[in-house]
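A.B. asks: give me a model of this one.
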Amino acid sequence: MKAVILAGGLGSRIAEETHLKPKPMIEIGGKPILWHIMKIYYSHGIRDFIICCGFKGYVIKEYFANYGLHMSDITFDLSENRLVFHRQSAENWRVTLVDTGEGSMTGGRLKRVAPYLEGEENFCFTYGDGVADVDIAETIRFHKSHGREATVTAVRPPARFGALKFEGDDVKGFVEKPEGEGGFINGGFFVLSTKVLSRIAGDSTSWEAEPLAGLAEDGQLKAHFHEGFWQPMDTLRDKIQLEALWESGNPPWKKW
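C.D. replies: Below you'll find the model as predicted:
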């Protein structure tokens with residue numbers, strides 16, 4: 001199965017980093033968050049990726065063009081103008097990078113990669129700015145079992161602020177990171193039938209608007225609930241938090 005990843009957005013709320021690179025190329029632990037997302041899928045057996053490029057897409061293309069060099073021990077024999085690879089630890093990924101336009105919305109980007117999904121019955125689809133310990137393989141099995149057109153991973157959003165514990169108006173303690181702030185939300189990590197592509201009108205279509213709402217109205221959208229770790233990288237604060245988790249040596253999304 002192929003995995004489509006949105007990687008064309010500007011990321012205006014983390015402008016400290018994205019004036020130089022696309023948001024999915026912001027690094028966590030020295031590797032782009034896009035790499036972390038791909039490793040999550042790869043740990044569940046998916047190695048064929050379609051990356052929806054847009055804003056500064058050439059940065060993503062240059063990264064993968066040189067990926068084999070970065071992941072290898074090499075000798076440059078300058079006298080013979082020859083390059084020798086000694087040890088390569090690059091994953092056996094197949095990565096298709098597609099220019100989906102700088103101004104396209106999320107649905108428009110998905111529509112533009114439709115030619116690369118020909119012959120596929122189902123595919124995975126997610127955003128290029130969030131990580132989770134979601135069980136991709138189980139989500140795929142769930143999607144195939146119910147026969148609907150779309151499955152969305154439903155998650156509880158992480159709390160942004162600490163909370164106070166009360167007895168009456170007496171403060172009895174503090175909860176630094178309470179569980180969730182409410183109900184479940186769209187956590188990405190979709191599994192979709194290629195039939196959903198016909199619901200997208202064009203570049204100006206937001207996936208989260210007409211297509212996703214239409215699937216729900218037509219009874220074609222099922223939720224796969226994920227109670228584990230999930231964290232988007234919307235702000236610089238989120239980036240710092242993910243970096244700290246990685247540096248801890250036991251980041252919850254690292255299952256490889």
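A.B. asks: isn't residue 255 right up against residue 43?
C.D. replies: Yes: applying Cβ atoms under 8 Å, one finds residue 255 in contact with residue 43, separated by 4.9 Å. Where you see a C-beta, it was placed from the backbone N, CA and C, and this is true even at glycine.
A.B. asks: worst-scoring helix or strand of the chain, pLDDT-wise?
C.D. replies: Every helix and strand of the chain was ranked by mean pLDDT, DSSP states H and E. The lowest is strand 170-175, at a mean of 57.
A.B. asks: which strands and helices sit next to the helix or strand following that strand?
C.D. replies: The helix or strand immediately downstream of strand 170-175 is strand 185-186, counting by DSSP states H and E. Packing partners of strand 185-186 (3 or more Cβ pairs under 8 Å, 6 or more residues apart in numbering; DSSP states H and E): strand 150-155.
A.B. asks: paired strands for the strand it packs on, with orientation please.
C.D. replies: As defined by DSSP bridges, the strand partners of strand 150-155 come to strand 185-186 (antiparallel), strand 190-193 (antiparallel), strand 221-226 (parallel).
A.B. asks: give the rounded mean pLDDT of that strand.
C.D. replies: On average, the pLDDT along strand 150-155 is 94.
A.B. asks: centre of the chain to it, how far?
C.D. replies: Mean C-alpha position of strand 150-155 versus that of the full chain (Cα atoms, centre = their mean, to the nearest Å) differs by 13 Å.
A.B. asks: and residue 221, how far from residue 114?
C.D. replies: To residue 114, residue 221 is 20 Å away according to Cβ to Cβ, to the nearest Å.
A.B. asks: and if you look at residue 133?
C.D. replies: For residue 133 relative to residue 114 (Cβ to Cβ), the value is 30 Å.
A.B. asks: for these two, indicate the residue with more neighbours.
C.D. replies: residue 133 (16 against 13; other Cβ atoms under 10 Å).
A.B. asks: for residue 38, list the residues it contacts.
C.D. replies: 3, 5, 49, 91, 93 (Cβ atoms under 8 Å, 6 or more residues apart in numbering).
A.B. asks: after the helix or strand containing it, which helix or strand is next?
C.D. replies: Element membership for residue 38, per DSSP H and E: helix 33-42. Where DSSP H and E defines the elements, the next helix or strand beyond helix 33-42 is strand 48-53.
A.B. asks: okay, now the unreliable bits of this protein?
C.D. replies: Counting by pLDDT under 70, the chain shows low-confidence ranges at 11-13, 15-18, 160-166, 168-182.
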